[in-house]
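Asks: What follows is a predicted structure for the sequence shown.
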Amino acid sequence: MKEILLILLLQLVYVPLFTLRTIFLVKNITALAAILGIVEMLIYVFGLSLVFSGDQSFAAMVVYALGFGIGIIFGTKIEKKLAIGYIIVTVNTQTKNSELVDTLRGSGFGVTLYTGEGRDSSRHRMEILTKRNREEELLAIIEKFEPKAFIISYEPRQFKGGFLLERMKKNARKNSSF
């Protein structure tokens with residue numbers, strides 16, 4: 001029974017590490033991905049050796065598979081909590097909502113505003129680049145001021161210059177002076 005519980009525990013550690021390693025690779029955080037990969041492989045080999053040692057019980061194989069599935073759920077939850085990286089949120093509204101723009105800027109979001117032509121009237125589009133861990137906060141502010149806004153969010157692969165990058169550099173200089 002101890003072996004079965006150990007197999008489950010190993011999978012619940014291995015799969016979230018696998019998930020995080022994959023995300024770090026996609027986000028080009030290769031050194032951390034390599035370290036996680038080493039730990040991940042040690043756990044993987046040890047877990048498989050438990051499953052395939054001795055009588056190779058059907059229960060051990062089922063627990064191994066169940067642990068993998070549950071580990072995917074845990075890995076996803078951990079990644080959502082970490083919210084690594086940035087998103088771009090595009091907000092389309094019917095009116096130029098200055099109160100919304102001012103509130104977003106006052107909350108530290110960089111907002112670029114565009115005006116365009118829709119089929120029936122003019123449209124106003126805001127582009128907002130922010131850290132992923134602020135996405136819920138951003139969406140709540142938008143919802144409060146523009147509940148009918150059309151919103152698209154996506155992750156940029158890379159970016160250069162602009163408001164957010166300048167602020168990050170300024171904060172890094174400020175923090176390094178302590």
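Replies: Structure received. Residues are numbered from 1 along each chain as shown.

Asks: Return the set of buried residues in the longest strand seen in the chain.
Replies: Longest among the strand segments of the chain by residue count, using DSSP state E, is strand 122-131. The neighbour-count check on strand 122-131 (16 or more other CB atoms under 10 Å) flags 123-124, 126, 128-130 as buried. Glycine gets a C-beta too; all of them are placed from N, C-alpha and C.

Asks: Output it as PDB, nothing but the C-alphas.
Replies: This file holds the C-alpha atoms of strand 122-131, laid out as PDB (Å, rounded to 0.1, in the frame of the first residue of the first chain):
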ATOM      1  CA  SER A 122     -17.400  54.700 -34.800                       C
ATOM      2  CA  ARG A 123     -15.700  52.400 -32.400                       C
ATOM      3  CA  HIS A 124     -13.000  53.000 -29.800                       C
ATOM      4  CA  ARG A 125     -10.300  50.500 -29.200                       C
ATOM      5  CA  MET A 126      -7.900  50.300 -26.300                       C
ATOM      6  CA  GLU A 127      -4.800  48.200 -26.300                       C
ATOM      7  CA  ILE A 128      -3.400  47.300 -22.900                       C
ATOM      8  CA  LEU A 129      -0.200  45.400 -22.200                       C
ATOM      9  CA  THR A 130       0.000  44.000 -18.600                       C
ATOM     10  CA  LYS A 131       1.400  41.200 -16.500                       C
END
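
Asks: Can you spell out which helices and strands pack onto that strand?
Replies: Strand 122-131 is packed against strand 86-93, helix 98-106, strand 110-117, helix 162-176, with contacts defined by 3 or more CB pairs under 8 Å, 6 or more residues apart in numbering; DSSP states H and E.

Asks: That strand to helix 98-106, inter-axis angle?
Replies: 20 degrees (axes from the mean of the first three to the mean of the last three CA atoms, to 10 degrees).
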